[in-house]
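my questions concern the predicted model and sequence given below.
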Amino acid sequence: MFAKLRLLLAALALVAVSSFATSQWLQAQQEPDGQDQMDPAMMAQMMAMGTPGKEHKVLTRSAGEWDDKAQMRMSPGADWTEIPMTTSVKTLLGGRFIQRTIKGNFAGMPWEGIHILGYDKLAKEYVSFWMDSFGTWFVQSKGQYSEESKTLEMKGAMRDVISPDGRPFRQVIRIIDEDHSEVEMYDTIPPAGEVMVMKVKSTRVK
C-alpha cells in the first residue's frame, strides 16, 4: 500500500516538474530578450516545411467514396481472380496525409486494409504505410509523382510470412481524372522476378 503511494507521489512530482519546465520554456519564447528565443528564420522554415503544399493536393483531391474493380493473381501464369472492394478516402491532420480504408472479400473471408499516404517535405518524397486484417505488421514504401504522366510510383519491401525481412515490390497509382484512377501492384516472385499481382480500377461514387 505504502509502496504504491510512494510511486504515485513520485509520478505526480515528475508531472509537476515537467509542467514547470514547459511553462518556463514557453515564457522564454515570449520574452523579447530571452536567450532561448527561437530564431525567426528557423521558425519560418519550420512553418514552411510543416504546411501542406501542391504535392499534398495530389492526394487530398481523392477524398470521398470509391467503387473498385480489383483483380489478383498469385503467380505469373495464374488466372486473374475478381475481388470485390470499396475504398473510402479521408484527409488527416489538415491535409498532410490521407487515409484510404479498403474493404473487400478475399476467398470468402471479409478483409479490411488501411493505407496512409503523405508527402514528406523534409525528404522530398511521397511516403506510404499499409496494414490490413490479414497481418499484424505494416508495409512501407516511398516514391515520386510524375505530373506529366499523372502517376505516383512507390517502391518498398513487401513483408509477409514468406519474406519476414522483406522483398522488393512496387505499386503504381495512376490518376486518370478526378473520378477515375488505377493501381497496379508488382511483387517479386522467383524465378520470374517482378510480376504484376494486382490491378485495380476505381470510380468515384457520386
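On my side now, so go ahead.

residues near the residue nearest to residue 97 when sequence neighbours are not counted, how many?
Closest residue in space to residue 97, ignoring its immediate chain neighbours: residue 118 at 3.8 Å, by CB to CB, 6 or more residues apart in numbering. C-beta: built from backbone N, CA, C; applies to glycine. By other CB atoms under 10 Å, 20 other residues sit near residue 118.

again, but for residue 132
17.

can you check residue 205 too?
12.

show the contacting residues for it.
If you count contacts by CB atoms under 8 Å, 6 or more residues apart in numbering, residue 205 has them with 64-67.

including neighbour count, could the residues you listed go into a markdown table?
Shown next, in a markdown table, are those (neighbours: other CB atoms under 10 Å):
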| residue | neighbour count |
| --- | --- |
| 64 | 14 |
| 65 | 12 |
| 66 | 20 |
| 67 | 13 |
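
need those residues in JSON lines with pLDDT and secondary structure, can you?
Shown next, in JSON lines, are these (pLDDT from 0 to 100; DSSP: H, G, I helix; E, B strand; the rest coil):
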{"residue": "64", "pLDDT": "97", "secondary structure": "strand"}
{"residue": "65", "pLDDT": "97", "secondary structure": "strand"}
{"residue": "66", "pLDDT": "97", "secondary structure": "strand"}
{"residue": "67", "pLDDT": "96", "secondary structure": "strand"}
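
which among those gets closest to residue 160?
Checking these against residue 160 by CB to CB gives residue 66 as the nearest, at 25.5 Å.

partners of that closest one in the sheet?
Taking DSSP bridges as the rule, residue 66 bridges to residue 87, residue 204.

for the residue most central in space within the chain, give the beta-bridge partners.
Nearest residue to the geometric centre of the chain (CA atoms, centre = their mean): residue 116, 2.4 Å. Applying DSSP bridges to residue 116 gives these bridge partners: residue 99, residue 129.
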